[in-house]
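1. Structural data only, the sequence is not supplied:
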């Protein structure tokens with residue numbers, strides 16, 4: 001039986017445009033009114049700047065919990081960027097967050113169905129976006145990272161609709177449990193063996209497998225600081 005767990009306050013899309021350090025980025029997403037079509041690639045009219053690290057089936061839509069903005073505003077009073085859309089989210093979600101959303105959760109919004117595929121691993125572009133030199137590190141450490149959806153069935157969605165939880169096959173695996181495993185640099189064989197039993201996106205599977213085989217955590221310098 002489905003259960004309402006959240007509301008979509010805004011839907012946002014954006015096309016890549018010039019960003020810092022000579023890069024392009026689709027992080028500057030704007031709200032859209034009315035119904036928006038959802039395909040396996042994400043929202044119609046949306047785009048990413050670097051498809052090596054963004055977009056694709058496992059990162060079709062990005063979600064961010066809107067109550068996190070109050071936390072960030074307390075940390076950085078006066079910073080104008082901590083508002084809806086600040087993290088480049090497609091779906092501004094009200095009512096749930098990374099502590100409650102589990103890997104593999106299946107959602108229905110409007111006529112479309114989704115699966116929670118992974119949490120976000122923040123990169124240096126957040127440093128530039130918020131004009132805070134270590135913003136990506138801060139986001140990773142406090143686990144307020146946001147998360148991605150893959151599309152199971154396309155359809156149409158619009159702001160104001162409920163997020164219905166259709167299934168939760170891995171209730172013991174809230175996203176924070178995996179994000180903390182990443183951030184802690186854990187190479188514990190038992191923990192890694194356990195997480196590798198989950199239906200992870202291939203990038204996460206490779207990361208945890210390398211840790212298990214080498215006993216060494218990956219280098220984050222380039223991702224977090226460019």
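-> That came in fine, so what should we check first? No experiment lies behind these values; they were computed from the predicted model shown.
2. Run a quick neighbour tally on residue 66.
-> 21 (other Cβ atoms under 10 Å). Where you see a C-beta, it was placed from the backbone N, CA and C, and this is true even at glycine.
3. which residues sit in contact with it?
-> By Cβ atoms under 8 Å, 6 or more residues apart in numbering, the contact set of residue 66 is 9, 84, 92, 93, 94.
4. Looking at those, which are in strands?
-> Using DSSP state E to define strands, the subset of the contacts of residue 66 located there is 9, 92, 93, 94.
5. Go ahead and confirm the third one touches residue 61.
-> No - using Cβ atoms under 8 Å, residue 93 and residue 61 do not qualify as a contacting pair, with a distance of 10.5 Å.
6. pLDDT below threshold where in this structure?
-> Counting by pLDDT under 70, the chain shows low-confidence ranges at 1.
7. Could you pull out the helices in it for me?
-> In the chain, the segments counted as helices under DSSP state H are 68-75, 125-130, 135-142, 175-183, 189-195, 202-214, 221-225.
8. Residue 49: which of those helices is closest?
-> Closest of the helices of the chain to residue 49 is helix 125-130, at 8.5 Å (criterion: Cβ to Cβ).
9. so who does residue 82 touch?
-> Here residue 82 is in contact with 69, 72, 73, 76, 130 (Cβ under 8 Å, 6+ apart).
10. Just the buried ones out of these, please.
-> When neighbours are counted using 16 or more other Cβ atoms under 10 Å, the contacts of residue 82 contain these buried positions: 69, 72, 76, 130.
11. need the contact list for the second one.
-> When contacts are counted by Cβ under 8 Å, 6+ apart, residue 72 is found next to 79, 82, 86, 144.
12. Just list whatever residues bridge to residue 113.
-> Residues found in beta-bridge contact with residue 113 (criterion: DSSP bridges) are residue 108, residue 153.
13. wait, it sits on residue 153?
-> Yes - taking Cβ under 8 Å as the definition, residue 113 is a contact partner of residue 153 at 4.2 Å.
14. Next, work out how far apart residue 83 and residue 73 are.
-> As judged by Cβ to Cβ, to the nearest Å, residue 83 and residue 73 stand 8 Å apart.
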